[in-house]
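> here is a sequence with its predicted model. Questions after.
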Amino acid sequence: QIGYDTCQSISIAGKRHKITTIMMTYNYRNKSCAVMAIAVLLLTSAFVIGLSPASSRRSSIHPVAQQNRIATTSIISSPFALSSKSSDEESQQKTSTTSLYDDLPAKKPWTFGILTSGFPPQQLLVPFVKFVTFQVWRLMMNELVTHDEQGRFIRESFQAGNNPAPLDLDGSYRLYLGNPCPWCHRVKAAVAVLGVENQDIPITMLIDDAEKASKGGWILPKPSEEDKTSIAEELITGDLAGVYNFCYRDILGERERYHGRCTAPLLVDVNAGKIVTNESNEIMVLLNDYSRRKGSFADTTTIDLRPVGMEEELDKATKYWFNLLWNGAYRCGFATSQVAYDEAASDVLKGLSEMNDLLASRPYLMGDAITEVDLKNFAWVTRHDYAYTIIFKSPGGRIAQYRNIAAWVKRMVSDYPKLLESLDMSDACGSYYRQLFMLNFGRIVPNIPSAREWVSAL
């Protein structure tokens with residue numbers, strides 16, 4: 001319950017103000033009311049402080065500290081050199097003093113001046129601000145992704161399509177991929193390594209822009225003139241949500257929209273206007289089978305990312321690295337409790353150590369030849385240094401610290417040069433800072449090198 005009363009005027013910054021006292025009763029059955037009441041109190045206090053003239057709040061530096069600041073002498077280029085100075089030189093040195101600190105700008109952002117005023121008391125203000133910001137942050141995190149009661153990130157499945165059949169060599173398909181997404185990157189890396197041509201399965205590179213997308217975060221680029229005449233408009237214009245709505249048009253009611261998450265990668269049968277699958281593992285299997293059959297038909301030697309007889313071993317490795325590394329970094333970043341973060345961080349450290357040890361005795365993760373597991377880990381490793389370790393607080397340091405992993409990365413791009421073309425590293429890592437605003441309120445993006453520069457520095 002909130003009431004108010006007007007007390008006697010008080011003096012703040014040399015001026016008299018009448019203060020309205022907020023009377024609150026905490027209601028345990030509705031915590032949001034209590035938070036709102038306290039917020040009203042502090043905002044009222046902040047408003048009163050803000051009424052004081054700027055000159056009275058310009059500086060809260062202690063007089064002695066201010067005097068010491070003014071008296072700071074300039075730094076001499078050779079402090080250890082002894083020289084005799086005339087009285088005129090000494091007098092000039094005393095008067096021409098400089099400070100290590102910057103002068104206050106003529107124009108600066110307006111503030112309430114709460115922290116320098118002493119009202120409300122810092123012992124109350126700081127805990128309250130911490131509490132409110134944490135509650136708001138946790139609410140946004142829970143809206144973004146799913147968590148359990150202990151604050152652990154739970155990755156849900158939003159799979160569309162069910163047990164897809166092998167791709168028709170004469171079919172018409174389209175891949176929708178987003179550069180920032182590691183699950184999309186593994187698919188694009190498979191396309192690059194397998195040599196699947198764009199005329200076989202065209203790729204639409206999505207743009208991550210949650211402010212323009214009607215749902216999710218992906219919008220479609222401007223279509224080509226050729227696509228405008230041969231493909232349904234809903235598959236090449238608008239956003240990815242429109243693609244999902246079109247592909248589910250037969251089961252959705254009039255004006256009804258697809259209710260699931262509109263995720264990428266996405267493989268669509270353009271002729272039928274149906275989703276084949278949006279599961280990255282399935283897409284990689286389909287692409288490898290497509291390349292294998294197309295290579296056999298053309299009587300050419302092809303790379304096999306999923307050799308016959310190794311399927312069970314590859315699936316087991318995929319699940320293992322997913323738990324430790326691929327999902328481990330996201331569990332670090334989306335954890336809303338210290339316990340949840342510590343568990344995830346421990347898995348990431350274990351995964352990096354085991355991966356480095358494994359690559360000490362073999363050129364690739366599964367043996368002597370590249371497989372789908374290498375490409376999946378490659379998509380994770382390229383984001384570790386400049387995205388996961390910073391914005392997700394994923395531990396382990398830089399990849400360059402792991403000699404065998406670094407050598408494996410260099411071997412990959414040396415044996416398969418097109419891998420470097422599968423990623424715009426600056427855009428991919430930068431997207432985490434631009435789009436995950438709840439993890440980066442200031443929206444500051446660090447300096448991120450290109451993939452080629454990053455590999456050269458390993």
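Yep, that arrived.
> okay, and L286 sits in which element?
Assigned by DSSP states H and E, L286 falls within helix 280-297.
> what packs against that helix?
Where contact means 3 or more Cβ pairs under 8 Å, 6 or more residues apart in numbering; DSSP states H and E, helix 280-297 is packed against helix 182-194, strand 274-277, helix 372-383. Glycine gets a C-beta too; all of them are placed from N, C-alpha and C.
> contacts only, for R249.
The contact partners of R249, by Cβ atoms under 8 Å, 6 or more residues apart in numbering, come to G273.
> tell me if it really is in a strand.
No - looking at R249 with DSSP: H, G, I helix; E, B strand; the rest coil, it is coil, so not inside a strand.
> got the phi/psi numbers for it?
Here is the backbone geometry of R249 (degrees, to the nearest 10): phi -60, psi -30.
> now swap in L206 and tell me
Torsion angles, degrees, to the nearest 10, at L206: phi -80, psi 160.
> same question, G171
Dihedral angles (degrees, to the nearest 10) for G171: phi -80, psi 180.
> grab the nearest non-local neighbour of it.
D269 (6.6 Å; Cβ to Cβ, 6 or more residues apart in numbering).
> how much space separates that neighbour from E226?
Distance of D269 to E226, given as Cβ to Cβ, to the nearest Å: 19 Å.
> what do you get for Y433?
For Y433, the distance to E226 - Cβ to Cβ - is 35 Å.
> who's more crowded, those two?
Y433 (20 against 9; other Cβ atoms under 10 Å).
> packing partners of the helix or strand where that one lies?
Assigned by DSSP H and E, Y433 belongs to helix 425-435. Secondary-structure packing of helix 425-435 (3+ Cβ pairs under 8 Å, 6+ apart): strand 203-208, helix 372-383.
> which of the ones you listed sits closest to A189?
With Cβ to Cβ as the criterion, A189 lies closest to helix 372-383 of the helices and strands packed on helix 425-435, at 4.4 Å.
> re the thing from before, tell me the buried residues in the helix holding L286?
Within helix 280-297, the residues scored as buried using 16 or more other Cβ atoms under 10 Å are 280-288, 290-292, 294-295.
> strands of the chain, start to end?
2-6, 10-12, 15-17, 20-24, 146-147, 153-154, 173-178, 203-208, 218-219, 266-269, 274-277 (DSSP state E).
> so which of the helices and strands packed on helix 280-297 gets nearest S99?
S99 lies closest to helix 372-383 among the helices and strands packed on helix 280-297, at 42.8 Å (Cβ to Cβ).
> helix 280-297 and the closest one, what's the angle between them?
Counting by axes from the mean of the first three to the mean of the last three Cα atoms, to 10 degrees, helix 372-383 points 130 degrees away from the direction of helix 280-297.
> pLDDT on helix 372-383, on average?
For helix 372-383, mean pLDDT is 98.
> contacts only, for R398.
Neighbouring residues of R398 by Cβ under 8 Å, 6+ apart: 385, 389.
> okay, the helices and strands packed on helix 425-435 in JSON lines with distance to D347 and mean neighbour count next?
Shown next, in JSON lines, are those (distance: least, Cβ to Cβ, whole Å; neighbours: other Cβ atoms under 10 Å):
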{"stretch": "strand 203-208", "distance to D347": "27", "mean neighbour count": "19"}
{"stretch": "helix 372-383", "distance to D347": "13", "mean neighbour count": "24"}
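> can I get those in TSV including distance to D424?
What follows is those, written out as TSV (distance: least, Cβ to Cβ, whole Å):
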stretch	distance to D424
strand 203-208	10
helix 372-383	11
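> quick check: longest helix of this protein.
If you go by DSSP state H, the chain has its longest helix at helix 122-144.
> and that helix, what does it pack against?
helix 31-51, helix 114-117.
> would you single out the least confident of those helices?
Among the helices and strands packed on helix 122-144, helix 31-51 scores lowest, with a mean of 51.
> so where is the stretch 101-250 of the chain shaky, pLDDT-wise?
Counting by pLDDT under 70, the stretch 101-250 of the chain has low-confidence residues at 161-163.
> which parts of the longest helix of the chain are buried?
Buried residues in helix 122-144, defined by neighbour count with 16+ other Cβ under 10 Å: 125, 128, 141.
> columns distance to L439 on top of those, output as JSON lines?
JSON lines is the format used below for the buried residues of helix 122-144 (distance: Cβ to Cβ, whole Å):
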{"residue": "L125", "distance to L439": "25"}
{"residue": "F128", "distance to L439": "23"}
{"residue": "M141", "distance to L439": "8"}
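> nearest to A400, of those?
Using Cβ to Cβ, those come closest to A400 at M141, 31.1 Å.
> can you tell me the closest non-neighbouring residue to that closest one?
Among residues not flanking M141 along the chain, T336 sits closest, at 5.4 Å (Cβ to Cβ, 6+ apart).
> quick check: phi and psi on that neighbour?
phi -110, psi 20.
> show the average pLDDT along stretch 443-457.
On average, the pLDDT along stretch 443-457 is 96.
> got a list of contacts for that stretch?
By Cβ under 8 Å, 6+ apart, the residues outside stretch 443-457 that reach it are 382, 385-386, 390, 400, 409-410, 413, 420, 423-426, 429-430, 433-434, 437.
> what's the neighbour count on the closest residue to K350 other than its chain neighbours?
With Cβ to Cβ, 6+ apart as the criterion, K350 has its nearest non-adjacent residue at 5.9 Å, and that residue is L324. L324 has 21 neighbours, counted by other Cβ under 10 Å.
> residues near A192, how many?
Using other Cβ under 10 Å, A192 is surrounded by 18 other residues.
> do you know how far it is from A379?
Distance from A192 to A379, by Cβ to Cβ: 12 Å.
> what does T336 give?
Counting by Cβ to Cβ, the gap from T336 to A379 is 26 Å.
> farthest-separated two in the buried residues of helix 280-297?
Largest separation among these by Cβ to Cβ: S280 and G295, giving 22.1 Å.
> pretty sure A344 contacts L325?
No - using Cβ atoms under 8 Å, A344 makes no contact with L325, being 10.5 Å away.
> and the nearest residue to A335 once chain neighbours are set aside, how far from A329?
Once flanking residues are discounted, A335 sits nearest to Y341: 3.9 Å by Cβ to Cβ, 6+ apart. Going from Y341 to A329 by Cβ to Cβ gives 11 Å.
> nothing else from me, thank you.
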